[in-house]
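>>> when you get a sec, could you give me coordinates for this:
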Amino acid sequence: MKKESKIFVPDEAIMGVIYNMRGKNVMLDRDLAKLYDVETRRLKEQVKRNISRFPDDFMFEFSKKELVDWRNQFGGTNREIMGLRIAPYAFTEHGVLMLASVLNSERAVQVNIQIVRIFTKMKEMLLTQEDVLVQLEQIQHGLSCHDEHIMQIFEYLKQLEKAKQEVLEYKNRPRVGFKQVKID
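Sure, this is the predicted structure:
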């Protein structure tokens, strides 16, 4: 029986290198190479050798504009990202899964399992947030209905107060006509 060695990469280290590009959560080739403990160029070589395994929804290469925007986004605070000269590959969750089969190392398999678990957690958190947003929207709609009802109540109270005032004015009006006087 083969003894399995556990490779530990903190979840935060993985979550910190998941970016949103083109509306998808992706990981860059250079970050994955670090996690897999291989050189970025070796990772890219394996991808190029097996390019048929990476359709556009699994992986894409940064456009020139995206690369410039990416560098400008970090404005010199991170020399490593600023040093990007070659457009990186961005891998979606499925692309990351495919990388494990291409790299075929024990570390790649174990790190991939961890990455997939994190992507799954992120999806679950997103679904939970969507549920919360729906509930908040329902509460907001309910409150706006309450606002309308409260305004209607105030309008009725004004009308009631006006009617009471009219009755009071009617009772206190000056009387016209004869007054009966009692004589004893």
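>>> which helix is the longest one in this protein?
Criterion DSSP state H: the longest helix present in the chain is helix 106-171.
>>> return the distance of that one from the chain's centre.
Relative to the centre of its chain, helix 106-171 is centred 18 Å away, using CA atoms, centre = their mean, to the nearest Å.
>>> secondary structure of Val181: a helix, I assume?
No - using DSSP: H, G, I helix; E, B strand; the rest coil, the assignment for Val181 is coil, not a helix.
>>> and it, how far is that from Asn172?
Relative to Asn172, Val181 is positioned 21 Å away (criterion: CB to CB, to the nearest Å). C-betas here are computed from N, CA, C, even on glycine.
>>> got it, and Ser63?
Separation of Ser63 from Asn172 (CB to CB): 83 Å.
>>> neighbours around Val109, how many?
For Val109, the count of nearby residues is 14 (other CB atoms under 10 Å).
>>> just Val9 next, same as before
Val9: 17 neighbours (other CB under 10 Å).
>>> quick check, pLDDT for it.
pLDDT, Val9: 70.
>>> tell me the SS of it?
Using three-state DSSP, the secondary structure recorded for Val9 is coil.
>>> on that earlier part again, what's the mean pLDDT across the longest helix of the chain?
Averaged across helix 106-171, pLDDT comes to 80.
>>> more neighbours, Ser63 and Asn172?
For the pair Ser63 and Asn172, the greater number of neighbours falls to Ser63 (11 against 7), based on other CB under 10 Å.
>>> would you mind measuring from that one to Asn104?
30 Å.
>>> in stretch 121-134, what's buried?
By 16 or more other CB atoms under 10 Å, stretch 121-134 has no buried positions at all.
>>> what's next to that stretch, contact-wise?
Stretch 121-134 has contacts (CB atoms under 8 Å, 6 or more residues apart in numbering) with Met15, Ile18, Asn25.
>>> list the residues that contact the second one.
Residues in contact with Ile18 (CB under 8 Å, 6+ apart) are Asn25, Val26, Met27, Ile118, Phe119, Met122.
>>> look up which residues are beta-bridged to it.
Per DSSP bridges, the residues bridged to Ile18 are Met27.
>>> report the separation between it and Asp147.
Applying CB to CB, the value for Ile18 to Asp147 is 41 Å.
>>> same thing with the last one?
If you measure Asn25 against Asp147 using CB to CB, the figure is 39 Å.
>>> picking up where we left off before, turn the contacts of stretch 121-134 into TSV, including distance to Phe91.
Shown next, in TSV, are those (distance: CB to CB, whole Å):
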residue	distance to Phe91
Met15	15
Ile18	10
Asn25	10
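>>> of all these, which comes closest to Leu43?
Using CB to CB, the shortest approach to Leu43 within those belongs to Ile18, at 16.9 Å.
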